[in-house]
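Novice: Sequence first, then the predicted structure:
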Amino acid sequence: MVSENIGILGWAFNPVHNGHLAIARKAMQRFGLARVIFIPAAVSPFKEEGEHLPARHRLEMLRAALADHPGFELSEIELKRGGRSYTVDTLRELKKENPRARFFLIIGEDNLEGISRWKEIDELTAICRFIVVTRPGWDRNALEGEDKLWADRIIDEDGSNLITLKLPVSSSEIRKNLREGTIPADRLPPGVDEYLRRNNIISYE
């Protein structure tokens, strides 16, 4: 018997913004999730370490962003483990801690490119159901080979596990603003823009 539905949002949060919270809210409502766990990656398998803000900054900004949102939780599981962050390792640990829970892994549609190269993707798809957030201008029909085969397995035939949102911002846009010396406070959760200013994170490359 399933004890609860748990959403997993394991992204870089580089930095966290209002779009991340909107995705979690919609997933929670649509799929009856009891909670959504935000898991900042230590180092993505597909990125170099220098491409992320330092973990301590990403973690503190997440704490500020989630403070007033019941049902949103922060986990340091990947930061404490260190090294490359492989999703299947994280889900294994969470499954051991919550053996009766049903897990829903929230990913961006663009993550389907290269999905066949994810570590032990076959086991991962057995541990959790995927929720896929569509991306404007991104065409998953252009996927080829193994990526297309896995995308077809991950996405329900009727598209019921797809989420479409008009996101107001992206992390890359915010990083561009920071390089230009501006902070888009209206696109950031309360406390995050203040953290960026207080720590002088306005010239991040």
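Specialist: Right, received. Where do you want to start?
Novice: C-terminal to the least confident helix or strand in the chain by mean pLDDT, which secondary structure element comes first?
Specialist: Least confident helix or strand of the chain, by mean pLDDT, DSSP states H and E, is helix 171-179 with a mean of 82. Note on helix 171-179: by DSSP states H and E, the next helix or strand toward the C-terminus is helix 192-198.
Novice: Just the CA coordinates for that following helix, please, in PDB.
Specialist: Below are the C-alpha coordinates for helix 192-198, written out as PDB (Å, rounded to 0.1, in the frame of the first residue of the first chain):
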ATOM      1  CA  VAL A 192      16.800  35.300  -2.700                       C
ATOM      2  CA  ASP A 193      17.400  38.700  -4.200                       C
ATOM      3  CA  GLU A 194      18.400  40.000  -0.800                       C
ATOM      4  CA  TYR A 195      20.900  37.100  -0.400                       C
ATOM      5  CA  LEU A 196      22.400  37.800  -3.800                       C
ATOM      6  CA  ARG A 197      22.900  41.400  -2.900                       C
ATOM      7  CA  ARG A 198      24.200  40.700   0.600                       C
END
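Novice: if we can go back for a sec, for the least confident helix or strand of the chain, name the packing helices and strands.
Specialist: The helices and strands touching helix 171-179, judged by 3 or more CB pairs under 8 Å, 6 or more residues apart in numbering; DSSP states H and E, number zero. All C-beta atoms are positioned from the backbone trio N, CA, C, and that covers glycine.
Novice: Pull out the buried positions in that helix.
Specialist: S171, I174, R175, N177, L178 (16 or more other CB atoms under 10 Å).
Novice: The residue lying closest to R81 once chain neighbours are set aside - how many residues pack around it?
Specialist: Nearest residue to R81, sequence neighbours excluded (CB to CB, 6 or more residues apart in numbering): A42, at 6.7 Å. A42 is flanked by 19 other residues according to other CB atoms under 10 Å.
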